[in-house]
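In: Show me the folded form of this:
(one chain, ligands or ions: 1)
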Amino acid sequence: MELTPEIRAQLEQQKQQCVFCKIVSKEVASQIVFEDKFSLAILDIFPMVKGHSVFMLKEHYPIMPYIPTEEFKHLFGSLPQLSKAIQDAMVSPGSNIFIANGWVAGQQASHFLMHILPREKGDGLFNFYFKPSFSLGEKEINLLAHHFPSMVHNHFKRNPAEWHKSSGEIPRFLKEIYEQNIVLYEDEKVLVIIPKKGIAPGHIEVYSKTEEKDFTKLSVEDSTHIFFITSLVATAIFEGLGAQGTNIIVKHGKIDDNPAGNLSFHVIPRKEGDHLQGLWQPSQKRPSYDLKKIANSINDKSWKVNYKEKKEEVKYYKTPVIKISSKSSEEEFKEQSSEQRNKNSKLKIEENEDTEETEENEIASAIKKIRN
Ligand SMILES: [Zn+2]
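Out: Predicted coordinates:
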């Protein structure tokens, strides 16, 4: 979104106090594990697991919606490669990515950043072990089903993608998830569902259609797109469900709290004093091992990280699909075959041309909330 002069002035003020801006300018020392023109990754000085890294843009943006498209692409496009470098160095079978939007969600600095946690069997980290037990009400489901696809449609209008023509196919590995949950949105690369039961009402899951298990195998474009969609989900539950903040958690790799090893993205609404305080518990003490050594071994791998946007072949030629319905997505999904959904979609998009303003307002109001 456009930053107004007023917001820019506020950001300038924040920057003066920001420890991460001082780390970027090297006024404050850190163990750097990766650096390029736009981004920097350092070791967390209070690691939750060995190799726990913090990845950020060099420029100061407090929350995801403020990040300009080019920098967003750069950060999230290079994330799979950086995660691979960290996992290779730590000999990890998987990792978690953790993002906190808003202080109620555990955001501790006004500089937007994400945590990369390389995982191993028996590492004792069970923060992201989910016991789903909350369902979302019908009214809220309908609200999301009504607004979310148009938010994505507007996203594509602003950022046209050659590959996007339709709702795409459902890969075999997502068939069960597709059939057993409420589908909120899908395209060639992602599937967004409202699970029957989540860890909080409004917990939304996003799946890659191109990669079943390994986040580090996502291409620059696939990773960028899935994070764009995930960020829009966060805005939607912020605005639509009145969340005060959100967490985005990526799980992949066969580890104790992810036994099937599948790749999944979770967006979780947060409220002050909710039951999810255990999600993020930063360690309070410095590690007994030498961080410098860990940084060296990651640097040995991370020099290969290279953000490059590759032109992808256009693989799909179907008509575009954006589902908008007053019925719940679940009812609609049950009633319509995939072909029917494709047929109906053109009309629905046309009905939906004038929603851009609304989404801008939604984002602006969401940002207002997070700042308060
Ligand atoms: Zn900063």
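In: domain parsing for this structure?
Out: Annotated domains of the chain cover 5-128+288-302, 138-267+314-371 [automatic domain parsing].
In: could the ones you listed go into JSON lines alongside distance to Trp280?
Out: Every C-beta, even on glycine, is put in place using the N, C-alpha and C of the backbone. Shown next, in JSON lines, are the domains of the chain (distance: least, Cβ to Cβ, whole Å):
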{"stretch": "domain 5-128+288-302", "distance to Trp280": "4"}
{"stretch": "domain 138-267+314-371", "distance to Trp280": "7"}
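In: If you average pLDDT over each of those, which is lowest?
Out: Lowest mean pLDDT of the domains of the chain: domain 138-267+314-371, a mean of 81.
In: Relative to Lys308, tell me which of the domains of the chain wins on proximity.
Out: domain 138-267+314-371 (6.5 Å; Cβ to Cβ).
In: got CSV for the domains of the chain, with mean neighbour count too?
Out: Converted to CSV, the domains of the chain look like this (neighbours: other Cβ atoms under 10 Å):
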stretch, mean neighbour count
domain 5-128+288-302, 19
domain 138-267+314-371, 19
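In: Give the closest residue to Glu35 in space, chain neighbours not counted.
Out: Leaving aside its chain neighbours, Glu35 sits nearest to Ala41 (7.3 Å; criterion: Cβ to Cβ, 6 or more residues apart in numbering).
In: from what I can see that neighbour touches His115, true?
Out: No: taking Cβ atoms under 8 Å as the definition, Ala41 is not a contact partner of His115, at 10.4 Å.
In: Strands of the stretch 101-250 of the chain, residue ranges please.
Out: 113-119, 182-186, 190-194, 204-208, 245-252 (DSSP state E, counting those that start in this stretch).
In: Can I get stretch 171-183 as CSV, trimmed to CA atoms?
Out: Output in CSV follows, covering the C-alpha atoms of stretch 171-183 (Å, rounded to 0.1, in the frame of the first residue of the first chain):
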residue,chain,number,x,y,z
PRO,A,171,-3.1,-32.4,-6.6
ARG,A,172,-3.6,-35.9,-5.2
PHE,A,173,-1.8,-35.0,-2.0
LEU,A,174,-4.4,-32.3,-1.1
LYS,A,175,-7.5,-34.3,-2.1
GLU,A,176,-8.5,-35.2,1.4
ILE,A,177,-7.8,-31.7,2.8
TYR,A,178,-9.9,-30.3,-0.1
GLU,A,179,-12.8,-32.6,0.5
GLN,A,180,-12.9,-32.5,4.3
ASN,A,181,-12.7,-28.7,4.9
ILE,A,182,-14.3,-25.5,3.7
VAL,A,183,-12.5,-24.1,0.7
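In: Now do that stretch: distance to the chain's middle.
Out: 20 Å (Cα atoms, centre = their mean, to the nearest Å).
In: Stretch 59-67 too?
Out: Distance, stretch centre to chain centre, for stretch 59-67: 14 Å (Cα atoms, centre = their mean).
In: So which residues on the chain come close to the ion?
Out: By the rule Cβ under 5 Å from the ion, the part of the chain lying against the ion is 18, 20-21, 60, 111.
In: Find residues that contact each of Ala41 and His115.
Out: Shared contacts of Ala41 and His115, defined by Cβ atoms under 8 Å, 6 or more residues apart in numbering, comprise 53-55.
In: Correct me if wrong: Ser78 contacts Ser39.
Out: Yes: contact criterion Cβ under 8 Å: Ser78 and Ser39 qualify, at 6.8 Å.
In: how far is stretch 105-113 from where the chain is centred?
Out: 15 Å.
In: List of residues touching it?
Out: Contacts for stretch 105-113 (Cβ under 8 Å, 6+ apart): 14, 17-21, 54-57, 60-64, 66-67, 100-101, 245-247, 270, 279-280, 282.
In: Make sure Ser95 is indeed in a strand.
Out: Yes: applying DSSP: H, G, I helix; E, B strand; the rest coil, one finds Ser95 inside a strand.
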